[in-house]
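> need a structure here:
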Amino acid sequence: MPTVTVIIPSLNQGQYIGEALDSLFAQTFRDYEVIVVDGGSTDGTETVVRRYRNKIQFFRQDGKGVSRAKNQALERARGKLIAFLDADDAWYPDKLAKQVALLETHPEYGFCSSDVDFFDATGIIIKGAIAAEKKPRSGMVFDDLLVNNFISSATVMLRRECFEKVGRFDEEIFYAEDTEMWLRVAKEFSLGYLPKCLARYRVRPEARSQSFARHYASLAGIYAKLNRQDPQYFRERPGLLRAAYVHLYRRWAYRHFEAGEYAEARRIYLRVLRYASLDRSTWIHLVATFLPPKVIKRRKGKQAEG
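Numbers count the residues shown, from 1 in each chain. Now for the predicted structure:
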């Protein structure tokens, strides 16, 4: 049995998946199996993957979403540890070695993650993106993740027991399904966080505000689902869900604001005020959405110069 099963879901990632696989096969830790599950690509992904056919298991699934794809791969997985690599991301060579060592020496951790570099076609654009804007830590981190998720899926490794305890990916969730899973796992297991960049997350130009909107809307639904499943937990922690919604809606609104979609930003900023009616930053941005676009652009330009 391999120590690690690496699952790579892919849908029309033919231009990137070769780089992802090359980064995997450059790992210093070698005791792993690779399962690539394709969701019905039409861009030649299978032609690229064929070059690696002697090193991987490859199958096509029925195109019912990434959660279904991951679950079908989990059914085939033999490793005692599970890691996920999106087809457009990449790993540094010591990723698996560092995380296997951490979980072997810390049996109290059910899963682990690390920091990550953001990159695009020009190279690394944010070094250590998680530490740059969040407060990651080890331990029982469910509350932290709910308010400000600091787990990048490109860096996660889990013990098989995590899935045996909390179940598999929710196939009714098509966006932010990984965040929902990490929250479920964090409710039951302790996280080991490595303050080292072990992966690279690709920032793609086609990821526009509409996809962010679907992602954030899915997160709002996930929070409501968690509350329905365990209302007592949140009653014992007054303010936790409120803080989670405030942070979610602030980020969602700001995405639209930065994209120049001021009417949509205004709609989401009003949601923030339902939970934090005196939030100064929200009021400033809300008022700004009523200004002429040229004035807003000038103000952004001055802020950037400053």
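
> need the contact list for residue 273.
Contact partners of residue 273, counting by C-beta atoms under 8 Å, 6 or more residues apart in numbering, are 279, 282, 283, 286. Using the backbone N, CA and C atoms, a C-beta is placed for each residue, glycine as well.

> can you give me the offset of stretch 268-285 from its chain's centre?
26 Å (C-alpha atoms, centre = their mean, to the nearest Å).

> meant to ask about stretch 47-67, not that
21 Å.

> What's the end-to-end length of that stretch?
24 Å (C-alpha to C-alpha, to the nearest Å).

> Show me what counts as buried in it.
48, 49, 52, 56, 57, 58, 61, 65, 66, 67 (16 or more other C-beta atoms under 10 Å).

> The second one: what's it in contact with?
In other words, residue 49. Residue 49 makes contacts with 10, 17, 21, 36, 38, 56, 58, as judged by C-beta under 8 Å, 6+ apart.

> Using the three-state scheme, assign residue 234.
helix (DSSP: H, G, I helix; E, B strand; the rest coil).

> per-residue confidence for it?
Residue 234 is assigned a pLDDT of 97 by the prediction.

> any idea which of the contacts of residue 49 is closest to residue 240?
Among the contacts of residue 49, residue 10 lies closest to residue 240 (C-beta to C-beta), at 35.7 Å.

> Now do the SS call for the nearest residue to the closest one once chain neighbours are set aside.
Distances taken as C-beta to C-beta, 6 or more residues apart in numbering place residue 87 nearest to residue 10, at 3.7 Å, with adjacent residues excluded. Three-state assignment for residue 87 (three-state DSSP): coil.

> Test my guess that residue 87 contacts residue 7.
No - using C-beta atoms under 8 Å, residue 87 makes no contact with residue 7, being 10.7 Å away.

> Please identify which of the two sits among more neighbours.
Between residue 87 and residue 7, counting by other C-beta atoms under 10 Å, residue 87 is the more crowded of the two (27 against 24).

> so what pLDDT did the more buried one get?
You'll see residue 87 listed with a pLDDT of 94.

> likewise residue 291?
Among the per-residue scores, residue 291 holds a pLDDT of 86.

> Sticking with it, tell me its helix or strand.
Taking DSSP states H and E as the definition, one finds residue 291 inside no helix or strand.

> Ramachandran coordinates for residue 149?
phi -60, psi 130 (degrees, to the nearest 10).
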